Each structure stands twice: as C-alpha cells, then as structure tokens.
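[1] need the 3D shape of this:
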Amino acid sequence: MAPTQSEQVTIEEFQQRLRELKPQWNRNMLFVFLPGFLLCGAGGPGGLLLPGGKANDNLWLIVPGIALCAIGLVRGAILLLRYRRCPQCNRFQNSEWRIPYRSCMGCGVRLSISVKDST
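    Next up is the predicted model:
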C-alpha cells in the first residue's frame with residue numbers, strides 16, 4: 001500500500017532524523033564509549049588475557065575508562081531521545097522491526113515505507 005502525500009512527508013522527516021542519528025551514534029560509540037571500555041579493561045581485568053595472567057590494578061586507567069563509558073552512555077541516550085521521535089506526536093520510537101512498515105505507537109502515523117526501513 002502506497003503512502004499518501006501527508007504520510008510521505010512524515011516518513012521523509014522521520015527517515016531524515018534516522019540518517020542524521022547514525023553518524024553521530026557511530027562517532028559516539030567509536031570515539032567515546034569504546035576507548036573508555038578499553039581503558040577500563042586494560043587497567044583492570046585485561047591483564048588476565050596477557051601472558052603471565054595477572055590482573056592489573058591501575059586506577060589511572062580504570063577511573064578515566066569508567067568516566068568515558070558513562071559519558072558515552074549519557075550522550076548516546078541523549079542522541080536517541082533527540083532523534084528517534086515521531087514527527088507528529090513527538091513520542092519516542094523504540095528500535096524494533098515492524099511488519100509491513102513502522103507506525104507510531106502513540107498517534108498511529110506511518111513512519112516507514114517498508115520492512116527494510118522500519119528499524
């Protein structure tokens with residue numbers, strides 16, 4: 001079933017928001033959360049993976065690692081709350097597959113054209 005003209009405008013706006021979210025989400029995970037996770041692992045139990053098998057206890061790596069992970073989580077939540085909203089009713093949209101297309105659980109407006117772009 002083809003979307004109407006008003007549905008098409010809403011679909012385009014929601015899909016544009018998702019396209020804006022994706023590079024910001026990827027940068028957040030790659031440059032903030034992942035380095036924090038690696039620092040925390042290298043400063044703590046990561047030493048168990050090295051030959052000799054002794055866990056590190058380096059707070060100079062653990063504390064900044066935990067801080068970066070927390071910053072990455074908070075920034076990721078802010079990004080999701082900002083960009084994954086219905087253009088009509090402003091309700092947050094969880095990421096899940098909807099068949100045959102995504103529609104808002106709040107107002108029922110159509111947010112995708114097919115299953116392929118419904119996540």
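[2] name the nearest residue to Val109, ignoring sequence neighbours.
    Nearest residue to Val109, sequence neighbours excluded (C-beta to C-beta, 6 or more residues apart in numbering): Gln88, at 4.7 Å. The way it works is simple: take the backbone N, C-alpha and C, and place the C-beta from them, glycine included.
[3] can I assume the one you found sits in a helix?
    No - counting by DSSP: H, G, I helix; E, B strand; the rest coil, Gln88 is not found in a helix; it is coil.
[4] dihedrals phi and psi, it?
    Note on Gln88: backbone dihedrals following degrees, to the nearest 10 are phi -90, psi -60.
[5] tell me the SS of Ile62?
    When classified by three-state DSSP, Ile62 comes out as helix.
[6] ok, Met105 to Val9 distance?
    According to C-beta to C-beta, to the nearest Å, Met105 and Val9 sit 20 Å apart.
[7] so how far is the worst-scoring helix or strand of the chain on mean pLDDT off the chain centroid?
    Lowest mean confidence among the helices and strands of the chain (mean pLDDT, DSSP states H and E): helix 34-43, at a mean of 90. Helix 34-43 has its C-alpha centroid displaced from the chain centroid by 19 Å (C-alpha atoms, centre = their mean, to the nearest Å).
[8] ok, residues contacting that helix?
    Here helix 34-43 makes contact (C-beta atoms under 8 Å, 6 or more residues apart in numbering) with 56-62, 64-72.
[9] inside helices: which ones of the residues you listed?
    Counted as lying in helices by DSSP state H, out of the contacts of helix 34-43, are 59-62, 64-72.
[10] in CSV: the residues you listed, plus neighbour count.
    Below are the ones in helices among the contacts of helix 34-43 laid out as CSV (neighbours: other C-beta atoms under 10 Å):
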residue, neighbour count
Leu59, 10
Trp60, 9
Leu61, 18
Ile62, 18
Pro64, 15
Gly65, 22
Ile66, 16
Ala67, 13
Leu68, 20
Cys69, 19
Ala70, 13
Ile71, 14
Gly72, 20
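[11] good, we can wrap up now.
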